[in-house]
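S.K.: below is the sequence, then the predicted model.
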Amino acid sequence: MQRRDLLKIAGASAALLGLPSVGLAKQAWSVDPFSLGIASGSPTSNSLVLWTRLGTPALDAAGLTTKPVAVTWQLAHDQQFSRVVATGVVQATAALGHSVHAEVAGLEPGRAYFYRFIAGTANSTTGRTRTFPAPDADVKRLRLAYASCQQWGNGYYSAYRHMLAENLDFVLFLGDYVYEYPASRPVEVRPTTGGWITTLEGYRSRYALHKSDPDLQAIHAAYPWLVTWDDHEVQNDYAGTHEGLSGTPVENFMARRRAAYQAFYENMPVTRASFAKLLNGQGDEAKVFGSVSYGRLATLYTLDDRQHRDLQACTPNNRPGSARIDPSKCDSLNQPQRTLLGNAQERWLSQQFASARSHWNLIGQQTLFGRRNFSTTGGQLIRNDGWDGYPAARRRLTDSMMQTRLSNPIVLGGDIHENWVGHVLSDYNNADCEAIGVEFCGTSITSLSSTTPAQIAQQLELNPHFIFANAASRGYGVVELSPTQLTTTLTAVNDARDPKSGAFVLAKFAVEAGRAAVNSA
Ligand SMILES: [Fe+2]
């Protein structure tokens, strides 16, 4: 494709190819407007979203708090920006929190690019990003990191500093990017400003707090991200249109959810189309689920198990939110129509499975997939907020994997702040049934778990489809794929309370293509 075509596609003005505009005074800044960093994401084989958001201190100091600011973006082959392939100008408006989303199309597949933003006299740092290979490309390798749950006050983002050196193709973030809590329990390692957040302004400033972290900024600038959300981007344990449990209930939960969803859009490298209805005031919903192929090697599905789910079943005393419940005492748990993904997403996913042609199918979703019995008394005790709370929906998903003969399904999750590794079963009520896939549920970047090593040992015994679990470590996982093998390496930081923490390999696993079996490597 010719450079001039790319410019057309990008809707760019050739006069702005990195050159200062003539005759117009450039906005001078006394504070860096790019204090929230930059990011790229939502990669496909020919498109990317470039993101930044101007920081409030710079806008306030310049008297631009309520005014639009023109921000130029550039995408280039080289770090010096001497070979710019696409550029454009976005008006960063107060209505969208002065965020900038440049959706760049017409790019070459499987290619690295550099990008930056310019506002008046200020340049952002330079980011590096990468498109995915063409859908029919014969790809030999894919390397991704998966991460979730980065409670600000529980620690520092040292894990991301170690992730930087992992030579990744992309980062997959599985939810709880921010938390709505005023402070962290049990110890506040660094202060969370802003109290409980329930309004658009509140969510914006909570994202700004997180985005101020240098390690988070660096990992965003180094790799494209694919993102989904969990509950804390809105409120602990919320379920679809039902309020969860944390803080004082708000008068209008759907208004709170809309504000939180808008703030998510404003702070993530995601497409406008996915949030268009919400942003145009025409609806409450955003589309966060999707799929993208990585050559013929893998298809990646990102799911949304929060927005479209039914209420948790049998939480005691009719209170909202989650609980550990005895499934034998909860009739409604097994109602066949209960859904975690919502009917539309379920239908879409089985259609996707039916047409999947990749060696590997990676399903990035929020939480632990397999059954986890917590009972210490020989009975059953399950958590009703995850897949265990929606057994019919889980069964429909595993049935769909089997009926479509989905090739090498790998489920990736987060939410529980613990590493769990195991086999996906065709029927979690039958311990002798066949394994049909493999699951890696990741620990948190910083958020804590209170499960003791003794409890972990006992739960592994009770739930033998899992081969490994660890609640003590914070960190991330790296999945490396070839056409014949998958390896997953779990990296843990020594101490997430230390901003300079070292890291170590906690465990390593391998899966051979064609066999739904995971082993220590
Ligand atoms: Fe979390």
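M.R.: Here it is on my side, so go on.
S.K.: low-confidence regions, the stretch 1-150 of the chain specifically.
M.R.: Counting by pLDDT under 70, the stretch 1-150 of the chain shows low-confidence ranges at 1-24.
S.K.: show me where it has helices.
M.R.: For the stretch 1-150 of the chain, the helices defined by DSSP state H, counting those that start in this stretch cover 3-9, 56-61.
S.K.: residues contacting the last one, please?
M.R.: Outside helix 56-61, the residues that touch it by Cβ atoms under 8 Å, 6 or more residues apart in numbering are 29-33, 35, 65, 69, 98, 205, 208. No exception for glycine: its C-beta is placed from N, CA and C like everyone else's.
S.K.: which positions in the longest helix belonging to the chain come out as buried?
M.R.: Ranked by number of residues, the top helix in the chain under DSSP state H is helix 253-267. Residues of helix 253-267 classed as buried by neighbour count (16 or more other Cβ atoms under 10 Å): 253, 256-267.
S.K.: what's it in contact with?
M.R.: Under the criterion Cβ under 8 Å, 6+ apart, residues 53, 96-97, 99, 177, 180, 198-200, 202-204, 206-207, 211, 229, 233-235, 238, 241-243, 250, 270, 272, 274-275, 278-279, 284, 286 lie in contact with helix 253-267.
S.K.: if I look at whichever residue of the stretch 1-150 of the chain sits closest to the ion, how far off is residue 288?
M.R.: Residue nearest to the ion within the stretch 1-150 of the chain: residue 149 (3.5 Å; Cβ to the ion). Going from residue 149 to residue 288 by Cβ to Cβ, to the nearest Å gives 17 Å.
S.K.: now do residue 126
M.R.: From residue 126 over to residue 288 (counting by Cβ to Cβ), the distance is 29 Å.
S.K.: count of residues packed around the residue of the stretch 151-300 of the chain found nearest the ion?
M.R.: Closest residue of the stretch 151-300 of the chain to the ion, Cβ to the ion: residue 176 (3.6 Å). Other residues near residue 176 number 25, with proximity taken as other Cβ atoms under 10 Å.
S.K.: quick one: pLDDT of it?
M.R.: We have a pLDDT of 98 for residue 176.
S.K.: got it, and the one 4 residues further on?
M.R.: Here, the pLDDT recorded for residue 180 equals 96.
S.K.: still on that earlier bit, neighbour-wise, which of residue 126 and residue 288 wins?
M.R.: Per other Cβ under 10 Å, whichever of residue 126 and residue 288 has more neighbours is residue 288, with 25 against 16.
S.K.: I'd assumed residue 233 was in contact with the more buried one.
M.R.: No - applying Cβ atoms under 8 Å as the test, residue 288 and residue 233 come out as separate, 9.9 Å apart.
S.K.: now do the helices in the stretch 401-521 of the chain.
M.R.: Going by DSSP H, counting those that start in this stretch, the stretch 401-521 of the chain shows helices at 453-462.
S.K.: which bits of it sit near the ion?
M.R.: Within the stretch 401-521 of the chain, the positions near the ion by Cβ under 5 Å from the ion are residue 447.
S.K.: how about a cut-off of 6 Å?
M.R.: Contact residues (Cβ under 6 Å from the ion) of the stretch 401-521 of the chain with the ion: 415, 417, 447.
S.K.: want to throw the residues you listed into TSV with neighbour count?
M.R.: Shown next, in TSV, are these (neighbours: other Cβ atoms under 10 Å):
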residue	neighbour count
415	25
417	24
447	24
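S.K.: now render the residues you listed as JSON lines, adding pLDDT and distance to residue 348.
M.R.: Formatted as JSON lines, those follow (pLDDT from 0 to 100; distance: Cβ to Cβ, whole Å):
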{"residue": "415", "pLDDT": "97", "distance to residue 348": "22"}
{"residue": "417", "pLDDT": "98", "distance to residue 348": "29"}
{"residue": "447", "pLDDT": "96", "distance to residue 348": "30"}
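S.K.: ok, of these, which one's closest to the ion?
M.R.: Nearest member of these to the ion, counting by Cβ to the ion, is residue 447, at 4.7 Å.
S.K.: so who does the closest one touch?
M.R.: Taking Cβ under 8 Å, 6+ apart, one finds 149-151, 154, 176, 179, 417, 474 in contact with residue 447.
S.K.: ok so, going back, just the buried residues of helix 253-267 now: which is nearest residue 309?
M.R.: Among these, residue 257 lies closest to residue 309 (Cβ to Cβ), at 12.9 Å.
S.K.: what's the end-to-end length of stretch 500-520?
M.R.: 29 Å (Cα to Cα, to the nearest Å).
S.K.: that should have said stretch 104-118, apologies.
M.R.: Per Cα to Cα, the first residue of stretch 104-118 is 16 Å away from its last.
S.K.: would you mark the buried spots in that stretch?
M.R.: 104, 106-107, 109-110, 113-118.
S.K.: could I get the residues you listed as TSV with distance to the ion?
M.R.: Converted to TSV, these look like this (distance: Cβ to the ion, whole Å):
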residue	distance to the ion
104	32
106	37
107	34
109	34
110	33
113	32
114	33
115	30
116	32
117	30
118	36
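S.K.: save these as TSV, and put in distance to residue 508 too.
M.R.: Below are the buried residues of stretch 104-118 laid out as TSV (distance: Cβ to Cβ, whole Å):
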residue	distance to residue 508
104	36
106	40
107	34
109	30
110	27
113	32
114	33
115	34
116	37
117	39
118	43
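S.K.: mind checking which of the residues you listed are in strands?
M.R.: 104, 113-118 (DSSP state E).
S.K.: what's the farthest-apart pair in these?
M.R.: 113 and 118 (16.4 Å).
S.K.: got the residues of this structure near the ion?
M.R.: Counting by Cβ under 6 Å from the ion, the chain sits next to the ion at 149, 176, 232, 415, 417, 447.
S.K.: tell me how far the last one lies from residue 162.
M.R.: It refers to residue 447. From residue 447 to residue 162 the distance is 17 Å (Cβ to Cβ).
S.K.: with the first one instead?
M.R.: Between residue 149 and residue 162 the distance is 17 Å, computed by Cβ to Cβ.
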